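J.: sequence below, structure please.
(chains A, B, C and D)
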Protein chains: 2
Amino acid sequence: MVTSKNCIIRLSRYKNALYRLLSLGFLKVFSETLADEVGVTASQVRKDFSLFGISGNKKGGYQIEALLNKLSSILGKDKLQKVIVVGSGHIGTALMKYKGFEKEGIKITAGFDIDPAKCNKSGTVPVLPIGELKDFVKNDAIKIGIIATPDIAAQQVADLMFEAGIKGILNFAPIRIKSPQDSIVNYVNLELELENVIYFVNALNKPLSLSKDSA
Amino acid sequence: MVTSKNCIIRLSRYKNALYRLLSLGFLKVFSETLADEVGVTASQVRKDFSLFGISGNKKGGYQIEALLNKLSSILGKDKLQKVIVVGSGHIGTALMKYKGFEKEGIKITAGFDIDPAKCNKSGTVPVLPIGELKDFVKNDAIKIGIIATPDIAAQQVADLMFEAGIKGILNFAPIRIKSPQDSIVNYVNLELELENVIYFVNALNKPLSLSKDSA
DNA sequence: TAGATTGTTAATCGATTAACAATC
DNA sequence: TAGATTGTTAATCGATTAACAATC
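T.: All right, here's what the predicted structure looks like:
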């Protein structure tokens, strides 16, 4: 892989910051300014851009609008991305109802659940029986799916998704997914993120002995 | 900081894997096995453990139960951690109702919202007016908070939290939080995670020219 | 004992940062 | 022009991995 995940994450952050700057009336930006905005170094910004052949003006910095177009195209934001969600528990439902995706060109076109009682074809985002997933995904040529099921179901759901032609998964279940070579799985693990915050809060309180002391 | 975020994240993963192994009836584990389970190298496992003065038996590997006790204590899982949530939109509400935290010793004791219509003192997790946050947090000595508000409100909410004595924040709003030195903020940005999956799915489809071509 | 595994040191790898020539 | 900023190369930094002596 030529580009690291972190690098792509930064591109997204640049994009978000640039929209903010644009809405404040700015037309161009220096690497230094953008770096401050996002919390990285100016070197980092220029390095990232050069990796993607994005260039600015030796003196005038970067044209924000042109930059946004390039970043959006790199990130696949130039066309609507259709996504499905499996699992209509608390998290799954929240994602289906979440307004933040639309403005990013991401549309959740359907949810799926194994429990018929949770299905509902007539909602804004219809929730369909899991049995219909394969046809739905194939018909709409959907490539991205979200797993928001209990962990015991996650691998099975992932297998079904891959079989249907899905290539990328965002997985909320706290379990490692086995996936084919030509696919990608990203993880969001809420317990783990909270646990991490807890650790560092506790560590801040302790005097300063985090180092090795050998039990 | 002596220990990196990634290292702590791995400790959490080790812990989860060890619970799984324990439930399968194993009593001890080699670094190699645990590494496979979590998807890292055996060196990594031993290195991480040695950073925290955790030692095993030169031949017999590590006692799972003792290991779990140590990891739990390092991660602060030996006592109940009380957490509040601000913002009772889709995500905030899902978090309040989420069952996964309890088994990890994390308890969401209250939610807060600026909209009186969304408040409800009698639910399983009461949702209180934001004005009551400060007293509530102080009285219960709460150190951890979750922000699930719109991005425009996030910084203000964070300031209020810090003022009340909160030291660690998990922030779901897609905005960078300015925070005091003695505090920590972790970010969960759902749009960004999805965007990342989208990028790599598109990149997998493209032949193989991710490299620089200079515009 | 011989074999296997830990704990730790040294080597490697990759990502970030600094520096600076090119140039507007 | 002089000053400022880019684009890129080289240096630094930190994290991961390999190797191996100690030892059970």
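
J.: what residues of the longest strand seen in chain A count as buried?
T.: For chain A, the strand reaching the highest residue count under DSSP state E is reported as strand A:106-113. The neighbour-count check on strand A:106-113 (16 or more other CB atoms under 10 Å in any protein chain shown) flags A:106, A:108, A:109, A:110, A:111, A:112, A:113 as buried. Bear in mind the C-beta positions are built from the backbone N, C-alpha and C, glycine included.

J.: for the fifth one, which non-adjacent residue is spatially closest?
T.: Spelled out, it's residue A:111. Nearest non-adjacent residue to residue A:111, counting by CB to CB, 6 or more residues apart in numbering or on different chains: residue A:127, 4.2 Å away.

J.: any idea what that neighbour is bridged to?
T.: residue A:111, residue A:120 (DSSP bridges).

J.: on that earlier part again, just checking, what packs against the longest strand of chain A?
T.: strand A:81-86, helix A:90-97, strand A:127-129, helix A:133-140, helix B:190-205 (3 or more CB pairs under 8 Å, 6 or more residues apart in numbering or on different chains; DSSP states H and E).

J.: and these as JSON lines, adding mean pLDDT?
T.: Formatted as JSON lines, the helices and strands packed on strand A:106-113 follow (pLDDT from 0 to 100):
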{"stretch": "strand A:81-86", "mean pLDDT": "97"}
{"stretch": "helix A:90-97", "mean pLDDT": "96"}
{"stretch": "strand A:127-129", "mean pLDDT": "97"}
{"stretch": "helix A:133-140", "mean pLDDT": "98"}
{"stretch": "helix B:190-205", "mean pLDDT": "91"}
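
J.: where does the residue nearest the centre of chain A sit: helix, strand or coil?
T.: Chain A has residue A:170 as the residue nearest its centroid, 7.3 Å off, counting by CA atoms, centre = their mean. Secondary structure assignment for residue A:170 (DSSP: H, G, I helix; E, B strand; the rest coil): strand.

J.: swap in the one 4 residues further on?
T.: Three-state assignment for residue A:174 (three-state DSSP): coil.

J.: surely it and residue B:13 touch.
T.: No: if you go by CB atoms under 8 Å, residue A:174 and residue B:13 don't touch, sitting 9.3 Å apart.

J.: for chain A, what lies in contact range of DNA strand C?
T.: Neighbours of DNA strand C within chain A, by CB under 7 Å from any atom of the strand: A:4, A:6-7, A:40-41, A:43-44, A:46-47, A:57-60, A:214.

J.: surely residue A:185 forms part of a helix?
T.: No: under three-state DSSP, residue A:185 falls outside any helix and is assigned strand.

J.: any chance of the buried residues of strand A:106-113 in a markdown table with pLDDT and distance to residue B:195 as columns?
T.: Shown next, in a markdown table, are the buried residues of strand A:106-113 (pLDDT from 0 to 100; distance: CB to CB, whole Å):
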| residue | pLDDT | distance to residue B:195 |
| --- | --- | --- |
| A:106 | 95 | 8 |
| A:108 | 97 | 14 |
| A:109 | 97 | 17 |
| A:110 | 98 | 20 |
| A:111 | 98 | 20 |
| A:112 | 98 | 22 |
| A:113 | 98 | 25 |
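
J.: with these in mind, which one is nearest to DNA strand D?
T.: When the buried residues of strand A:106-113 are ranked by distance to DNA strand D (CB to the nearest atom of the strand), residue A:106 comes first, at 29.1 Å.
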